[in-house]
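Q: Sequence and predicted model, in that order:
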Amino acid sequence: MGVAYFIVLERKIDGLDAIFDGKMLALAAEDLDAIAPQLGVRTISEFISIDPAQAASFMNDEGIDVGNMELPALQQFSAQDGLATVRALLTRPEATPAVQDLQDCERILSIAAQHGVGWHLEVDF
């Protein structure tokens, strides 16, 4: 199956299809993260977050006892911050394998920015 990243918006935006493949973005994330600091933007991986209850459920399903483990709170990010990263990465040849996913992120985050809606990335296994 493989790993994929997907965008989770703080709230639904009527008429916006926020679905995209996300597999190539996940596959290229390490390379993209390596060039982001050179471009003066946040890395793609910095936008990953998950609701602690979802994380605990996933970990329990995988046989990991969360017990008294304190999981980090869900973080939401501004669409403008995400757009800065995505647009900067799109200027680089290293982004070629993930161009379609990055363009989809740009489309979604542009509309989210217009509506003042926060977001984060989640990982699908």
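A: Ah, there it is. Predicted, not measured: the structure shown is a model, and the values here were computed from it. Numbering: from 1, shown residues only.
Q: Return the set of buried residues in the least confident helix or strand in the chain by mean pLDDT.
A: Using mean pLDDT, DSSP states H and E, helix 52-61 stands out as the lowest-scoring helix or strand of the chain, at a mean of 79. Of all the residues in helix 52-61, those buried under the rule 16 or more other CB atoms under 10 Å are Ala55, Ala56. Heads up, the C-betas are built off the backbone N, CA and C, glycines and all.
Q: Could I get the average pLDDT for the next helix or strand after it?
A: Where DSSP states H and E defines the elements, the next helix or strand beyond helix 52-61 is helix 79-89. Averaged across helix 79-89, the pLDDT comes to 98.
Q: tell me how far the following helix or strand past helix 79-89 is from the chain's mean position?
A: Later in the chain than helix 79-89, the nearest helix or strand by DSSP H and E is helix 99-114. Counting by CA atoms, centre = their mean, to the nearest Å, helix 99-114 is centred 11 Å from the centre of its parent chain.
Q: Now do helix 99-114 against helix 79-89, angle only.
A: Using axes from the mean of the first three to the mean of the last three CA atoms, to 10 degrees, the direction of helix 99-114 lies 150 degrees away from that of helix 79-89.
Q: Just the C-alpha atoms of helix 99-114, please, in CSV.
A: Coordinates of each C-alpha in helix 99-114 appear next as CSV, following Å, rounded to 0.1, in the frame of the first residue of the first chain:
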residue,chain,number,x,y,z
VAL,A,99,4.8,18.2,-8.4
GLN,A,100,1.2,17.0,-8.8
ASP,A,101,0.8,16.5,-5.0
LEU,A,102,2.4,19.9,-4.3
GLN,A,103,0.1,21.6,-6.9
ASP,A,104,-2.9,19.9,-5.3
CYS,A,105,-1.7,21.2,-1.9
GLU,A,106,-1.4,24.7,-3.4
ARG,A,107,-4.9,24.5,-4.8
ILE,A,108,-6.4,23.4,-1.4
LEU,A,109,-4.3,25.8,0.7
SER,A,110,-5.1,28.8,-1.5
ILE,A,111,-8.8,28.3,-0.9
ALA,A,112,-8.2,27.6,2.8
ALA,A,113,-6.3,30.9,3.0
GLN,A,114,-9.1,32.8,1.3
